[in-house]
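In: Could you look at this predicted model? Sequence included:
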Amino acid sequence: MNLPNRLTLARIILIPVFMAFLLLQVPKGQTLFPHQEVVAAIIFILASATDGLDGYIARKRHQVTNLGKFMDPLADKLLVSAALVSLVELGQVNAWVAWIVLAREFAVTGLRAIAAVDRVVISASKLGKIKTITQVVAISAILLHDWPFSIIGFHIGQPLLYIAVFFTVISGLDYLLKSRKLLHK
């Protein structure tokens with residue numbers, strides 16, 4: 001297994017660690033230790049950073065593999081989905097937001113599976129990459145309770161999340177439009 005695939009696997013392994021730090025609480029709704037949510041946010045941000053890093057290394061070293069092509073987008077979807085579901089559980093994100101993101105991810109994954117039958121690879125589009133970046137930035141802001149912007153009274157997490165939902169829908173529609181020939185076979 002090459003380094004890019006190891007980074008992708010590390011991203012997947014960090015998901016339950018992230019969720020444990022975010023969700024584990026003692027009775028009466030208190031966290032296990034001070035700054036537990038900050039640790040969760042740092043884990044989420046580090047795991048998210050491996051996404052760009054693994055792709056960069058794979059292309060630079062000519063180590064792009066079929067396993068990497070499969071695992072990389074799956075790892076992204078699992079990380080973002082875990083974060084959103086956890087934030088819904090904590091009452092920090094509305095369930096409809098998580099549903100839209102999850103529905104788009106299932107739809108695009110389904111399109112990729114249909115394309116794979118015909119040996120067609122549907123690569124990530126620019127809109128898909130913008131979607132991922134906006135989701136990660138919004139989730140990070142929510143995990144950090146809008147810090148450092150909250151110091152001066154700005155709350156950016158929820159507005160950024162709505163921007164991410166916009167790009168989630170737009171990029172999903174873009175994939176559908178580009179794949180319509182595959183769907184008519």
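Out: Yes, it's here.
In: Now do the strands in this protein.
Out: Along the chain, the segments classed as strands by DSSP state E run 25-26, 30-31.
In: which residue ranges form the helices in the chain?
Out: According to DSSP state H, the chain carries its helices in the segments 3-23, 36-60, 66-89, 95-117, 126-143, 157-178, 180-183.
In: tell me which strands and helices the longest one is in contact with?
Out: Using 3 or more CB pairs under 8 Å, 6 or more residues apart in numbering; DSSP states H and E as the contact criterion, the secondary-structure elements in contact with helix 36-60 are helix 3-23, helix 66-89, helix 126-143. Every residue, glycine included, has its C-beta placed from N, CA and C.
In: what angle do it and helix 3-23 make?
Out: If you take axes from the mean of the first three to the mean of the last three CA atoms, to 10 degrees, helix 36-60 sits at 170 degrees to helix 3-23.
In: Flag every buried residue along helix 36-60.
Out: For helix 36-60, burial by neighbour count (16 or more other CB atoms under 10 Å) applies to 36-37, 39-45, 47-48, 50-51, 54-55, 57-58.
In: Identify the residues contacting it?
Out: Applying CB atoms under 8 Å, 6 or more residues apart in numbering, the external contacts of helix 36-60 come out as 2-5, 7-8, 10-11, 14-15, 17-19, 21-22, 24, 31, 63-65, 68, 72, 75-76, 79, 83, 132, 136, 139-140, 143-145.
In: Sketch out the low-pLDDT regions of the protein for me.
Out: Applying pLDDT under 70 to the chain picks out residues 26-31, 150, 185.
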